[in-house]
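>>> Everything below, folded, please.
(one chain, ligands or ions: 1)
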Amino acid sequence: MRKKLLLGNWKMNKTPAEAKAFALSASEMVEYAVAHNIDVGVAPTFVCLQTVKENINPKCIVSAQNCNEHDHGAYTGEVSIPMLKAVGIDWVILGHSERREYNGETSKACNAKIKALLANEMTPVYCCGESLETFEAGKTKEFVEEQIKTGLADLTKEDAEKVVIAYEPIWAIGTGKSASKEIAEDTIAFIRGVLREMFGEVAEKIRILYGGSVKPVNVAEYMSAPDIDGALVGGASLEPDSFKALIEGIANSK
Ligand code: PEP
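Model (predicted):
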């Protein structure tokens, strides 16, 4: 049985003071999640990681939204894995569609970052998902298959087991237009099939999240689908009340 995971992607939101206030208010909801066997985490911006890590319930995962695969050097504007580790961070989101669109992040670049994270005993959350155009052309599956095969290329079974996947159709991110439970489950079950082809039975242990306009009102529905192991949530993860309602929705979906 895969443990459910709720991960809040704060994107480019919150000052350190705002992030700290959220962290300080989250203690009880994190305990509630733990008591209901749910992993819970937030992904602040780089400048907020340390303050969130220092002020949030230690049972809460704190994730970065990106990293560089090199340890140090002439990479202006980048943040390395040892730097993240030094402030206690061991999870990193990679390949989010916004980074693919605005920063030219490719599945191949994600592959190098995933390998570097795994070599450092950290957890990559690898995002995939198609555009509206690809969805409407009926090409979702071949598109995400390529993203998965390239992003996870050459991983051992032992390493693949440690990766978290997030399926996020781009047309559902921040649009209020969520994919139906059936579409999400169908694509996620397909992704699990691709993982089975690549890594065998280990695929049954890999958590695959759905992301795209998940809200307190619809989270339980997604969680009732057999292959959906949690949610990567943007907008609805920003306020403590809404984040708490998401946790409650997952707890009540069981
Ligand atoms: C996201 O940022 O990964 C996301 C799914 O955003 P939203 O929940 O706002 O659609």
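>>> Tell me the predicted confidence for Met1.
Here the pLDDT value assigned to Met1 is 81.
>>> Tally up the residues packed near it, please.
For Met1, the neighbour count with other C-beta atoms under 10 Å is 7. (Glycine included, C-beta is placed from N, CA and C.)
>>> Same check on the one 3 residues further on?
The local packing of Lys4 (other C-beta under 10 Å) involves 23 other residues.
>>> next one: Glu18
Using other C-beta under 10 Å, Glu18 has 15 neighbouring residues.
>>> In the chain, where is pLDDT below threshold?
Residues of the chain meeting the criterion pLDDT under 70: 254.
>>> And whichever residue of the stretch 151-254 of the chain sits closest to the ligand, how close does it get to Trp10?
Closest to the ligand within the stretch 151-254 of the chain is Gly234: 2.3 Å, counting by C-beta to the nearest ligand atom. Distance of Gly234 to Trp10, computed by C-beta to C-beta, to the nearest Å: 8 Å.
>>> can you check Leu118 too?
Per C-beta to C-beta, Leu118 is found 24 Å from Trp10.
>>> With Glu69 instead?
Separation of Glu69 from Trp10 (C-beta to C-beta): 23 Å.
>>> Comparing these two, which residue is more hemmed in?
Each of Glu69 and Trp10 has its neighbours counted (other C-beta under 10 Å); Trp10 has more, 22 against 19.
>>> Next up, the contacts around that one.
The neighbourhood of Trp10, defined by C-beta atoms under 8 Å, 6 or more residues apart in numbering, consists of 19, 42-45, 48, 65, 234, 237-238.
>>> mind running it again at 7 Å?
Contact analysis of Trp10 by C-beta atoms under 7 Å, 6 or more residues apart in numbering lists 42-45, 237-238.
>>> my read: the residue of the stretch 151-254 of the chain closest to the ligand touches Lys11, true?
Yes: applying C-beta atoms under 7 Å, one finds Gly234 in contact with Lys11, separated by 5.9 Å.
>>> For these two, indicate the residue with more neighbours.
Using other C-beta under 10 Å, the more surrounded residue of Gly234 and Lys11 is Gly234, with 21 against 18.
>>> what helix or strand does Gly193 sit in?
Gly193 is part of helix 181-199 when elements are defined by DSSP states H and E.
>>> so whatever helix or strand comes next after that helix versus helix 181-199, what angle?
Sequence-wise, the next helix or strand downstream of helix 181-199 (DSSP H and E) is strand 207-211. Angle of strand 207-211 versus helix 181-199, following axes from the mean of the first three to the mean of the last three C-alpha atoms, to 10 degrees, is 150 degrees.
>>> Quickly run through the sheet partners of strand 207-211, with directions.
Strand 207-211 has the following strand partners under DSSP bridges: strand 164-167 (parallel), strand 230-233 (parallel).
>>> after the last one comes which helix or strand?
Using DSSP H and E, the helix or strand that follows strand 230-233 towards the C-terminus is helix 240-252.
>>> and that next one, C-alpha only, in CSV?
These are the backbone C-alpha positions of helix 240-252, laid out as CSV (Å, rounded to 0.1, in the frame of the first residue of the first chain):
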residue,chain,number,x,y,z
PRO,A,240,-3.0,27.4,6.0
ASP,A,241,-6.8,26.9,6.2
SER,A,242,-7.0,25.7,2.6
PHE,A,243,-3.9,23.4,3.1
LYS,A,244,-5.5,22.0,6.3
ALA,A,245,-8.7,21.3,4.3
LEU,A,246,-6.7,19.5,1.7
ILE,A,247,-5.2,17.2,4.3
GLU,A,248,-8.7,16.6,5.8
GLY,A,249,-10.0,15.8,2.4
ILE,A,250,-7.3,13.2,1.8
ALA,A,251,-7.9,11.7,5.3
ASN,A,252,-11.6,11.4,4.7
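>>> what helices or strands is that helix leaning on?
Contact analysis of helix 240-252 by 3 or more C-beta pairs under 7 Å, 6 or more residues apart in numbering; DSSP states H and E lists strand 4-9, helix 27-35, strand 38-43, helix 219-223 as its packing neighbours.
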